[in-house]
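Student: Predicted coordinates and the sequence they were generated for:
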Amino acid sequence: MNYKTLASYYDALVIDEQAIQDWVDYTKKYVEKGKLLDLACGSGDFAIAMAEAGFSVEACDLSIDMIKAAKNKAGSELVSLQVLNMLDLDENEKYDAITCYCDSINYLQSYQQLNTLIDSVYKALKVDGVFMFDIHSLDALENYQQEYIEEGYIEDVAYQWCIYSSGNNLYYAFIFQDESGLMQKELHQQFIFDPVVVKNMLETKGFETRILTDFALEGIVEGDKIFFSALKK
């Protein structure tokens, strides 16, 4: 997974202005101001929105192409953007909040990698700092046992977007074909974590957790996304 081909079409496929505002509103419930690090920032819309709201924002993504896309957006000059794997987080920096939205945590491929991230985030947060992220619910594995296929056009480029599950993983297959017939493909793999296990990992580290499903429902219940706010004490 490198978001190289997809970066050119990412905003047209998935950017949802209401979802970005929901992430902003959700984050501001737990942190009023200060220094924020957005992990796996993608094309930067959330990071830019938080900077425009008055936060001091740093943002990083593993994909060079996604960071390039972010830097081309209005307001990006307010954000310190860099190419960085979230597992290589600088623990010496101290943040009031660290965020990782849009199921980006699911790109980690094991509980061991997740534990490494949790440990690094804990060290990089100030006391009373908060780690906020979302993951797919376990329902995703059942929901995508039968392959989901979306097809359409982005300007003059035809695309096909397939989602399917196998074992503990969710797969995304993207195919783009322009008018000349040139075809580009990209495959992404996500690991589906058990939210109860994730909660226990956070609390073992020393975080106090609050969990919502789909922004509004208390606890771990049926839904699409599980949202964690983990307070460092």
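Tutor: Received the coordinates, thanks.
Student: Following element in sequence after the lowest-mean-pLDDT helix or strand in the chain, please.
Tutor: Each helix and strand of the chain was given a mean pLDDT (mean pLDDT, DSSP states H and E); the minimum falls on helix 10-14 at a mean of 84. Downstream of helix 10-14, the first helix or strand assigned by DSSP states H and E is helix 17-28.
Student: what packs against the least confident helix or strand of the chain?
Tutor: helix 64-71 (3 or more C-beta pairs under 8 Å, 6 or more residues apart in numbering; DSSP states H and E). In this view, the C-beta of every residue, glycine as well, is placed from N, C-alpha and C.
Student: Need the residues that contact stretch 21-38.
Tutor: In this structure, residues lying in contact with stretch 21-38 by C-beta atoms under 8 Å, 6 or more residues apart in numbering are 46-47, 49-50, 53-60, 89, 93-101, 124, 129-130, 132, 215, 227, 229, 231.
Student: mind checking the SS state of residue 170?
Tutor: Under DSSP: H, G, I helix; E, B strand; the rest coil, residue 170 falls in the strand class.
Student: Without its sequence neighbours, what residue ends up closest to it?
Tutor: residue 190 (4.5 Å; C-beta to C-beta, 6 or more residues apart in numbering).
Student: Quick check: the one you found touching residue 105?
Tutor: No: if you go by C-beta atoms under 8 Å, residue 190 and residue 105 don't touch, sitting 9.0 Å apart.
Student: What is the neighbour count of residue 144?
Tutor: With neighbours defined by other C-beta atoms under 10 Å, the count for residue 144 comes to 19.
Student: ok, back up a step: can you list the buried residues in the least confident helix or strand of the chain?
Tutor: residue 10 (16 or more other C-beta atoms under 10 Å).
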